[in-house]
Every structure is written in structure tokens, then in C-alpha cells.
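Undergrad: return a 3D structure for these sequence lines:
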Amino acid sequence: MLATSREPLGLPGEHTARLAPLPLPGADDDPAHVASVALFLERAARVRTDPAASAAELALVADIVRRLDGVPLAIELAASRLSAFSLRDLHDRLDRSLDLLGSGRPTGDARHRTLRSTVEWSYRLLSPDEQRLFRHVAPFVDGLDLESAEWLAADLGLPGDPGAGLSRLVDASMVDAHFEVRTRYRMLETLRAFGLDRIGAAGEDDESADRMLRWGVRLTTSIEAGLTGDDEPDADATLRRERANLRAVWQLARRRGAVDAAAHVVVSLYGAIAYRDLLEIRAWAEELAADPVLAGHPRAAGVHGAAAEAAYQRGDLEKAATLARTGLEQATDDLGRWYCHVPWSVVALARGSYPEAIEHALAATQVSPRPDPSGVAALAALYSGDLARARSLCDDALAGAASPTERAWAAYVAGEIENATAHAGAAEGHYRHAVRLARGSGASFLVGVATVGLLTALSDQGRVQDALRGYRDVIRYFARTGNWTHLWATLRNLADLLRRTGDDDAARLLSAAADAAPDAPAVGPAAAPARSAGAGTPLTRAAVLDAALTAIAGRVG
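TA: Purely as a prediction, here's the structure:
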């Protein structure tokens, strides 16, 4: 016997096959040939001739079925609404889909006449505890893993094993289990909307918000601990996997004025801001640092330090220095001071203020056992001509390295030292080691920085084609992330290589643009502080990038 049901029947010998929603159109698919779109068009044709005749209209239909999760009932109900709405009007009102999609499907079963009544029917078949668990899974916009689901059930005070409640929701087709690297539980968007609606109806809005914020604080605390040790790759994977949920936590904290939770998230994710090109999280730090409600908060220094790092990463050295200085003035403990000394040290390094860079880097090592910034001090010593001190500080950085990213940073500094002393082969080995470690830990920013060093070593060994291909890739990378401080350094190095190959015009153009840029780093032991923001550039930045990539394209075989 073949039977369909919302949940398994529980019969001896029963084999269960879960029906997934209809396939959704991908970016490169022809929407008309995808099952979910085809169903919409077939049902829509019953109430309107040619419901989607143009490519633009097909694109709207594709987005509609995506937002309806490919659920056949939802698609049928939506298509029937074209008797009263234009395609654009229907698309723009899908946020009300539970109520909008109703009374339009020809059926004798009242449960199937509206999307809300269908979900309501399934919801009422759950026990009160199962209903409560279902409701409070809904705020997790990208679902949650087993560990978080078990925490949620325990926090709700539900009796029995939390896994049993989850299994019941999966069996009742209210939650989907996805077997990825770790099991993850997700809801269709229509079910999430219903769950959020039920939270409000139960008067649980404040309880739900408080729980979601506590989950975010708990998660970011765990990620912070992981990013500073050998478990860094796992912590990085968790951070990237939970970005959508962390975004929901951040928005909730800001909407509710939960400064404690917002500050905790920002400060705990300092390692993500400094070494990972998660631009959204950097924006959170700068947003919170600019909020007057932060004044006098115990984590104000940490937030300002994180925001200073974010500003540095997008090339605003002046703002980064101001944020670090402000944070240091507000610091009430050594950890807060560490968060400010570190970005101040890299800003000073970029400005060519090498004694100042060493001062702040070493001050950071004295106030906290956090990741050791001795590598910054080593670079400052190297660029100011003190090779012996640079080697000693590099050894300190390696000795204090507790995570793959910290070891990658020390390897990069060692490469810089060997490169500066004309040992290109040894430098290449250190740079490659740094790239491998940083790539494995998810520290994409450090991958870019170490790659630039590697390309100079390749250039010095006469491997021009390899270097040019590498410059093409790393220029595009820094352009994507908006890190013009390091992009200008990269373009200067490319100019040196182009000059060696005889392309003096392109080399001169790139060097002049870098020399005129206010966010370009200083050059050499006698470098002056950063230029004023009023300095002009010969070309727009887009034109400079185009010139660099064109010069590379003309020489890459």
C-alpha cells in the first residue's frame, strides 16, 4: 500500500519517504522548465491568460516560488490570487502569505482552503510542549544545530529528552532535519511565519527575545574562545554557519536597545573583524561605537577597539586612530586596553610611525595574555632598519602563538624579514606556510596579506608570469573587501614588477596614484605619517584598478 500522510503511521514494516518541496529555480536555470514555476504557471493559467509572458515576469514568478519554499499548496493558492492581483502586487504582498493565500483553491477540504488553516491544523495536533518548542524554534532564521536545539529545549524547561521533542516535530512535518556536517533543523518560511505569529499570540515576545539574545551571547562566547586556540577552524566554520542567526540576534539587540548583548557580540567577534572579511560584522562594530548609549558601558573600550580594527580594514586610518584613542581613554581594565592598543599599533605601522607602532604593540603584550601582537612590533622594527630586534620580536610572536592564525602571522613576519635581507627562496617558504595556515583557519585577510609578500618573493626569483597571475587575483580580492590600504601596497609592488618588465607607463601611473592616496600605507624606513585626506589622485580608483588589470592581462601568457 502507498499512503500519504503528514507524519509516519507507525505501522510494523513501514518504510518512510519524506517528500521534499518542489525544486526551486537557480540563478542559471530557465525558470519555465523548473517544476515549482511550471506548477505556478499551470494553475495561474486557469484564472488568467498568459500570466507570465515576459522574462521579467518569469523572474518574478521564480522569486515568488522561492519565497513560498516550493510548497505545492502555497504555490497553488498564490497562483489563484492572480484573478485579483497583478503579478507584481502579489509578489509585493507575500509577507502576508498566511492570510493572503486563502479561499482560492478549489477543494472540499476546509483545511486546504487557506495556508494558515493548513498549518493551524497541523499545529493543533501537537502536544502543548511540542507546540511551545515549535514556536521557539521559529526565531532561528536559518535553523539550529542539535546542540542549540537541545539547549533551547532545556531552557524552555520541557520535560523528557529534548531529542524526543525534536523528533516529534520532524515526524509531524513541522521541522525539517538536514543531515549536513552536523544535523540541522530548519523550518519552511511559511511555518516560521506561523511560529512567530503564535509567539505573539501566546504573549511570549519578551521571553522569546530574551532567549534569542542569550543564545547569541552564548554562541559568540564559544566562538571567541575557539578563535584563539587550536580549535580555530571549527570556530570559524561555526561563525560562518551561524551568520544568518547572528544577524537576527544583532538586529534584535539593536531594536530592543539591548546594549549588553550587542556589545558582547561585537567584542567577542573581534577575531572575525580583524582577520576575516565578514564586512557585515565590521559594520556592526562601527555602528555600535557611534551610538551615544555606549558611553560609560563596561565594554565601551572593547567596542571602540573592534570598530577601530574595522575602520582600519576599510582604509580609514584617521577614524581608526580616533576610535582606538577614544577607547583607550574609556578603558577600565587591561582587556579593554588590549582591544585598543592592537588596532592603534597597526594604524601606526601603516602611517610609518614605527616607534609608536612598537610602543602600542608591546603595551598590548603587557596588559593581556590575548593573541600576542609582537609580530606588528617586529614589522615596525624591520621597516625602521633594526633587523636584530625584528628577529627577536618575530621569535616572541611565534612563541606566543596559540592558534593557526597567530602562527600564520608569525610565519608572514618571518617571510618579510627574509625578503628584506634578499633571501627570496627562504621568504617564499615562510609566505607559503602562512598562506596554508591562514587558509585553513579561515583568516582570509591574512591569506591576502601573505600572498602579496609571496608575490614579491616570486618576482625576485624571476617568476614573472606566476607573480602577475597572483597579483591579478589578490587585487580583485582586496577590491572586493574594500581594503584599500593593503590594495595600495599591492599596487605599489605590482608597479615595481611592471617597471622591471619594461612597462614604465603603467608602473608610473600606479605609483603616482598610490603616492597621492590618503589611505595608502607609508613606504620605507623614513616614511612620513599618512597624507591628509585632501590629497588628490590622478585617476579614479576604478580607473586605477582597470589600468592595473589591463597591464597584467597584456603580459600574462
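Undergrad: could you give the mean pLDDT of stretch 468-483?
TA: The pLDDT scores in stretch 468-483 average 94.
Undergrad: for it, which positions count as buried?
TA: Under the neighbour-count criterion of 16 or more other CB atoms under 10 Å, stretch 468-483 has 468, 470-472, 474-475, 477-479, 481, 483 buried. Any C-beta I mention is one placed from the backbone N, CA and C, and that applies to glycine too.
Undergrad: in helices, which of these fall?
TA: Per DSSP state H, helices hold the following members of these: 468, 470-472, 474-475, 477-479, 481.
Undergrad: from those residues, which two are the most distant?
TA: The distance between the two most remote of those (CB to CB) is 21.1 Å, for 468 and 481.
Undergrad: hmm, back to that, which of the buried residues of stretch 468-483 lies closest to residue 436?
TA: Once CB to CB is applied, the member of these that ends up nearest residue 436 is residue 470, at 15.1 Å.
Undergrad: would you check how far apart the closest residue to that closest one other than its chain neighbours and residue 491 are?
TA: Of all residues not flanking residue 470 in the chain, residue 455 sits nearest, at 4.6 Å (CB to CB, 6 or more residues apart in numbering). From residue 455 over to residue 491 the distance is 12 Å, taken as CB to CB, to the nearest Å.
Undergrad: the domain parsing of this protein - what is it?
TA: Taking automatic domain parsing as the reference, the chain has its domains at 31-110, 126-203, 210-370, 393-526+534-553.
Undergrad: can you redo these as CSV with distance to residue 1?
TA: Output for the domains of the chain, formatted as CSV (distance: least, CB to CB, whole Å):
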stretch, distance to residue 1
domain 31-110, 21
domain 126-203, 19
domain 210-370, 40
domain 393-526+534-553, 50
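Undergrad: nearest to residue 380, out of those domains?
TA: Set against residue 380 and scored by CB to CB, these come closest in domain 210-370, at 3.9 Å.
Undergrad: need the contact partners of stretch 119-130.
TA: With contacts defined as CB atoms under 8 Å, 6 or more residues apart in numbering, stretch 119-130 is touched by 6, 98, 111, 131, 134, 158-159, 165, 168-169, 172-174, 190-191, 194, 198.
Undergrad: among those residues, which ones are in strands?
TA: Applying DSSP state E to the contacts of stretch 119-130, no entry is found in strands.
Undergrad: and these, which are buried?
TA: The neighbour count (16+ other CB under 10 Å) marks 98, 131, 134, 158, 165, 168-169, 172-174, 190-191, 194, 198 as buried among the contacts of stretch 119-130.
Undergrad: ok, which pair from those residues is furthest apart?
TA: Spanning the widest gap among those are 98 and 158, at 25.8 Å by CB to CB.
Undergrad: what's the neighbour count on the closest residue to residue 211 other than its chain neighbours?
TA: Excluding the flanking residues, the one nearest residue 211 by CB to CB, 6+ apart is residue 155, at 6.1 Å. Neighbour count of residue 155, defined by other CB atoms under 10 Å: 14.
Undergrad: contacts only, for the residue nearest to residue 470.
TA: 467, 470-471, 474, 493, 497.
Undergrad: thinking again about what came up before, among the domains of the chain, which comes closest to residue 378?
TA: Residue 378 lies closest to domain 393-526+534-553 among the domains of the chain, at 3.6 Å (CB to CB).
Undergrad: ends of the closest one, what's the gap?
TA: Start to finish, the residues bounding domain 393-526+534-553 are 40 Å apart (CA to CA, to the nearest Å).
Undergrad: elements contacting the longest helix anywhere in the chain?
TA: As assigned by DSSP H, the longest helix anywhere in the chain is helix 205-227. Contact here means 3 or more CB pairs under 8 Å, 6 or more residues apart in numbering; DSSP states H and E; on that basis helix 205-227 packs against helix 128-137, helix 146-155, helix 232-241, helix 243-256, helix 259-268, helix 270-275.
Undergrad: need the nearest residue in space to residue 445, chain neighbours excluded.
TA: Spatial nearest neighbour of residue 445, excluding adjacent residues (CB to CB, 6+ apart): residue 275 at 5.1 Å.
Undergrad: what's the pLDDT at residue 113?
TA: 57.
Undergrad: next one: residue 93
TA: 77.
Undergrad: grab the nearest non-local neighbour of residue 481.
TA: Excluding its sequence neighbours, the residue lying closest to residue 481 (CB to CB, 6+ apart) is residue 277, at 4.4 Å.
Undergrad: quick one: stretch 255-275 to chain centroid distance?
TA: Here stretch 255-275 is found 14 Å from its chain centre; the criterion is CA atoms, centre = their mean, to the nearest Å.
Undergrad: can you give me the buried ones in it?
TA: 258-259, 261-275.
Undergrad: mind showing which ranges of this protein have poor pLDDT?
TA: The chain contains residues with pLDDT under 70 at 51-52, 95-114, 523-538, 557.
Undergrad: can you give me the strands in it?
TA: 144-145, 176-179, 183-186.
Undergrad: adjacent strands (with direction) for the shortest one?
TA: Paired with strand 144-145 in the same sheet, following DSSP bridges, are strand 183-186 (antiparallel).
Undergrad: now do the contacts for the residue nearest in space to the middle of the chain.
TA: Centroid-nearest residue in the chain: residue 278, 3.7 Å away (criterion: CA atoms, centre = their mean). Listed by CB under 8 Å, 6+ apart, the contact set of residue 278 reads 239-240, 243, 272.
Undergrad: ok, now with 10 Å
TA: Contact analysis of residue 278 by CB atoms under 10 Å, 6 or more residues apart in numbering lists 239-240, 243, 246, 269, 272, 284, 442, 444-445, 481.
Undergrad: can you flag the buried ones in these?
TA: Among the contacts of residue 278, those classed as buried by 16+ other CB under 10 Å are 239, 246, 269, 272, 284, 442, 444-445, 481.
Undergrad: can you add distance to residue 312 and give those back as JSON lines?
TA: Below are the buried ones among the contacts of residue 278 laid out as JSON lines (distance: CB to CB, whole Å):
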{"residue": "239", "distance to residue 312": "20"}
{"residue": "246", "distance to residue 312": "22"}
{"residue": "269", "distance to residue 312": "16"}
{"residue": "272", "distance to residue 312": "14"}
{"residue": "284", "distance to residue 312": "16"}
{"residue": "442", "distance to residue 312": "19"}
{"residue": "444", "distance to residue 312": "16"}
{"residue": "445", "distance to residue 312": "11"}
{"residue": "481", "distance to residue 312": "12"}
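Undergrad: what is the nearest of these to residue 203?
TA: Proximity of these to residue 203 (CB to CB) peaks at residue 246, which lies at 26.6 Å.
Undergrad: what's the distance between residue 426 and residue 63?
TA: Distance of residue 426 to residue 63, given as CB to CB: 54 Å.
Undergrad: can you pull the contacts of the spatially closest residue to residue 16 that is not a sequence neighbour?
TA: Closest residue to residue 16 apart from its sequence neighbours, by CB to CB, 6+ apart: residue 8 at 5.0 Å. Residues in contact with residue 8, defined by CB under 10 Å, 6+ apart, are 14-16, 18, 171-173.
Undergrad: show me how to select, in ChimeraX, the buried members of those residues.
TA: Buried residues among those (16+ other CB under 10 Å), as a ChimeraX selection:
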select :171,172,173
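Undergrad: could you work out the most separated pair of the contacts of residue 8?
TA: Using CB to CB, the two most remote members of the contacts of residue 8 are 15 and 172, lying 18.4 Å apart.
Undergrad: can you lay out the helices and strands packed on helix 205-227 as a markdown table showing distance to residue 75?
TA: Conversion of those to a markdown table gives the following (distance: least, CB to CB, whole Å):
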| stretch | distance to residue 75 |
| --- | --- |
| helix 128-137 | 23 |
| helix 146-155 | 29 |
| helix 232-241 | 29 |
| helix 243-256 | 24 |
| helix 259-268 | 37 |
| helix 270-275 | 38 |
